[in-house]
Each structure stands twice: as C-alpha cells, then as structure tokens.
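> Provided below are the primary sequence and the corresponding predicted coordinates.
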Amino acid sequence: MSGPVGVAVVGCGNVSHQYLPTLAGYPDDVRVVACADLDVTRAAEVAALYGVPLGTDVATAITHPDVELVVNLTVPAAHDLVAADVIAAGRHVYNEKPLALDRASGARMLDAAAAAGVRVGGAPDTFLAPGLRNALRAVNDGSIGTPQSALLIMQGPGPESWHPSPEFLYQRGAGPLLDIGPYYLTALTAAFGPATRVVALARQAFAERTVGSGPKAGTVFEVEVPTHVTALIEFAAGTIATLVMSFDSPLGRSGLLEITGTGATLALPDPNRHRDHGRMLRRGETTWTDLPGDDDPRIARGLGVAEMARAIRAGVPHAASGERALHVLDLMLSITESAERGEYVSVTSTFDPAAGAGH
C-alpha cells in the first residue's frame, strides 16, 4: 500500500489531546480516520474537535476498512485487552505505556502480532526527538569517553492536584515507576541497550489520596502501589544507573537524567518532553556546552506513531517497538519484585537497540 497510514485512536481521555494535534502534523505519514471510546459521546466530541471523520465505539473503529494502525490510549489495565482485539482484526497497534501490566500479557501480545503478520509499537517516543537523539549520539560516538554511570530523578507530590481523574495512576500498572519510569528507562536503554539485573527498595507515604481538581475534587481514593522507588540498574554494557521515582516529595524535581563518562558528564533533555536539548560538561571545564535540539511544534507525543507508519510503508523495522517496550516493562517489574523480595532480580528480556535506526 502507499500513501498515509489510516489510523484509529482508541481512548479519548486527556492524552488523546496530546496525540491528535501531533498526528495532524504528519499528513504524509498518517491520516486519523476514527476516534473511539467506551463513551461514544466523548469519542464523537473529540473527533469533531480535531476534524476526524468518525467518532464511534471501539469495535467499529478497529474494524474500519480504512484503518491499518490503532493507537491504544486506554488505561493501563486495558492495554493488552484492546491490543488483542486490534491484532485479531489484522491491524497494527501502538500502545501507550506501559505495554501491559505483566510480562506474560506483553509476550502474548507480541506473539499474537507475529502470528498475524502485524506490528506492535509502544510509547514513550521521546527517545526519537532530535534533542534526545543528539544527546544519545554523544554517548555512542565517544564524545563523553567510556560511559560509566547514570542518575535519574523524578520526584514531586503526585498528580492528584491537577489530574481530574488520578485514581488509575495509583493503581496496579501505574505509580511513579510504571507511569513516569518508562520515559527515563526507555532513554537509558536507548543509550546503553538492555539491562541485566536490578536491586531496589520501595515505600508508600500515604494509604489514601484526594482528588484536587475537576468534578471529582475532594474525592478520597485508595493507593495500591509504592509511591517512592529507589533502584540500582546494571546494564549488559557494564554501566550502572541509580533511579529515584517518587510521588511523595513536596519538592518537585523532574527531567534529571545524567550520564557520566570518563571524559564528560552528559545532561540529557527531560525524557518526558520532546523539544528540549541536552548539555555536556567536559572533564576539566567549568562551562556546560549546549547540544542541538529542535523547536518544530510537530515533535510531540505521537511522534512514534508517525515513525511507525513510515516504517510500515518502507517495510523496515520501527524504533518504538513492542520488543523495546516489553523490555522496559520487564525492567520495571523486576525493580518492583526486587523491592518486594529484598534481593537482586535478573532482567531476562532483550531487544535490538539498532531497530529503526536507519530511517
């Protein structure tokens, strides 16, 4: 086939308002045919807002004759269920993070896609943004010397103060590690390749949280997952990373992702953003050097969908692959299990870091 890839967006919540403007900026690569949601009225409203021809139910969208690729923006607990229906319909699927809630579901998804001859993609896609790519190039071309270690920190009081429906962010499949961790860990695996083992500690500051805005303001809900996680991660390349992910801190601090080499320290752009740039501090110098970025407004959440569509048309691997997303899921679950058991946990999955590098 030729021309833009027909896309259906399933799940018309907050994140759809980030994806849909981005996808509209790549008309040569994708054409959004339908928006779908369990709430068909909401699907119709979102479709009308962004000029999408059809707002409908999920089953109609994923079987639409013009749809080749489904962007799955449902809540984490539904990712594998919706993806299974998409794959059964013979369509490619691009999932929001995390890929699934457990390794077995993620592996089944990839196996089913391979059997059906379709592709699985997975967020986050920030590692494809020019700023992060340019920073990662400094790791791979020797500009920082031999990479030794990395430091990742994201902490704050949690999203319930601003998110109108934050409950799912404190349920199984979320928390700071599984909700925010994929951005940082995907960037790290893009720099170092697969991880091999982890050791971690975790805790929970509050058993309940309160919705702070929107129609549910004042609603109290239970917290199911750890809300502070600290981990050490070892990579096959020999590098070691220290990770802190927390929804328990009054002090907000995000976007801290530094890689230390024998010749320089590299401050990567915030891996939860698309249009930042990195910086480098060379050994013996006191002034940081800015690395190139890109202010193109099209470079935003959904970039990975456009990249996947180009790869589909070119018949080459896509970078934001299901295998990469499954490895990041395995890594996060290994961190969770290490904290629960109080011991090292091996990370057994892998992926091809070079996939999608040629386009």
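Received the coordinates, thanks. In this text the structure is predicted, and so the values were computed from the model without any measurement. Numbers count the residues shown, from 1 in each chain.

> what residue lies at the spatial centre of the chain?
A centroid search over the chain (CA atoms, centre = their mean) returns Pro124, at 2.4 Å, as the residue closest to the centre.

> The chain: helices as residue ranges?
16-24, 40-50, 58-62, 79-88, 103-116, 130-140, 175-192, 303-314, 322-341 (DSSP state H).

> in this structure, which segments are predicted with low confidence?
The model of the chain has pLDDT under 70 over residues 356-359.

> which residue packs closest to the residue nearest to the centre of the chain, ignoring adjacent ones?
Beyond its immediate neighbours in the sequence, the residue positioned closest to Pro124 (CB to CB, 6 or more residues apart in numbering) is Tyr183, lying 4.9 Å away. Glycine gets a C-beta too; all of them are placed from N, C-alpha and C.

> what's around the one you found, how many residues?
A total of 26 residues lie near Tyr183 under the criterion other CB atoms under 10 Å.

> Kindly provide the distance from it to Asn272.
Going from Tyr183 to Asn272 by CB to CB, to the nearest Å gives 4 Å.

> Return every residue with contacts to both of the two.
Shared contacts of Tyr183 and Asn272, defined by CB atoms under 8 Å, 6 or more residues apart in numbering, are found at Pro124, Thr126.

> Domain-wise, how is the protein divided?
According to automatic domain parsing, the chain comprises the domains 5-122, 126-293+326-346.

> mind giving me a markdown table with those domains and columns for distance to Ala300?
Below are those laid out as a markdown table (distance: least, CB to CB, whole Å):
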| stretch | distance to Ala300 |
| --- | --- |
| domain 5-122 | 4 |
| domain 126-293+326-346 | 5 |
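
> of all those domains, which lies closest to Gly302?
Closest approach to Gly302 among the domains of the chain is made by domain 5-122 (3.3 Å; CB to CB).

> Could you measure from the nearest residue to Glu208 once chain neighbours are set aside over to Trp162?
Counting by CB to CB, 6+ apart, Glu208 lies nearest to Val220, which is 5.3 Å off, once chain neighbours are set aside. From Val220 across to Trp162, the span is 17 Å (CB to CB).
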